[in-house]
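Novice: Would you be able to build a 3D model of this:
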Amino acid sequence: MQLMHAIAAALLMGGALAAQAADRDAAFHPGELLTSNAEYREAWQGLVKNEERLPDWLINLSGLSTPMQAVEADSDRYLVGQVCEAHNCFSQRAYIAFEWQDDDAYALYVQVPEGLPEDRAPSEHASLRWLGEPSEEIQQMLMEQLRNDPNWY
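Specialist: Below you'll find the predicted structure:
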């Protein structure tokens, strides 16, 4: 009888670990949200349609990216992630936030001059562009994402 309980416990533990791993592996990247969820796609398209001179990788969220994470700000929850131009992440990147309820999208587009000498701080030479008219709280949340980037000093 004890053997059956041990086997049942092991099976339950294994199932719980598999579910945790599946949840972790199911994290979406920004571009995947656009292809898998119509509401997020509409929110992003609404954001970029009124913006001028955005690169294709940003319009389509098709650059290199990090998995989206749930973050709380402005008394709401957001899915937040980073996307950058392939082969140029240092100079061209954006921090993306989708409102949890699929209604709105925001971004912080960061451009660092190419060829910036290593002894120059990117934070002192970058141009920052807000997309989607984020509130101060959302701006602070996205700036915190930028400050957490090890290439930002």
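
Novice: CA only for contacts and neighbour counts going forward, please
Specialist: OK.

Novice: what's the nearest residue to L47 if we skip its chain neighbours?
Specialist: Spatial nearest neighbour of L47, chain neighbours left out: G132 (5.5 Å); criterion: C-alpha to C-alpha, 6 or more residues apart in numbering.

Novice: And for E39?
Specialist: Nearest one to E39, counting by C-alpha to C-alpha, 6+ apart, is D102 at 5.3 Å.

Novice: which residues in this structure form helices?
Specialist: 2-25, 30-36, 38-48, 56-59, 122-125, 136-147 (DSSP state H).

Novice: residues in contact with stretch 107-116?
Specialist: 90-97, 122, 125-132, 134, 139, 142-143 (C-alpha atoms under 8 Å, 6 or more residues apart in numbering).

Novice: can you rerun that using 6 Å?
Specialist: S91, Q92, R93, A94, Y95, I96, A126, S127, L128, R129, W130, L131 (C-alpha atoms under 6 Å, 6 or more residues apart in numbering).

Novice: could you redo these as a markdown table and give each row distance to A107, pLDDT and neighbour count?
Specialist: Shown next, in a markdown table, are the contacts of stretch 107-116 (distance: C-alpha to C-alpha, whole Å; pLDDT from 0 to 100; neighbours: other C-alpha atoms under 10 Å):
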| residue | distance to A107 | pLDDT | neighbour count |
| --- | --- | --- | --- |
| S91 | 16 | 95 | 17 |
| Q92 | 13 | 97 | 22 |
| R93 | 10 | 97 | 24 |
| A94 | 6 | 97 | 26 |
| Y95 | 5 | 97 | 24 |
| I96 | 4 | 96 | 24 |
| A126 | 15 | 96 | 16 |
| S127 | 14 | 97 | 12 |
| L128 | 10 | 98 | 14 |
| R129 | 8 | 98 | 12 |
| W130 | 6 | 98 | 15 |
| L131 | 5 | 97 | 17 |
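
Novice: need the contact list for the closest residue to E133 other than its chain neighbours.
Specialist: Among residues not flanking E133 along the chain, Y106 sits closest, at 7.1 Å (C-alpha to C-alpha, 6+ apart). By C-alpha under 6 Å, 6+ apart, the contact list for Y106 reads I96, A97, L131, G132.

Novice: Quick check: phi and psi at the last one.
Specialist: With angles defined as degrees, to the nearest 10, G132 shows backbone torsions of phi 90, psi 10.

Novice: That one: neighbour count?
Specialist: A total of 19 residues lie near G132 under the criterion other C-alpha atoms under 10 Å.
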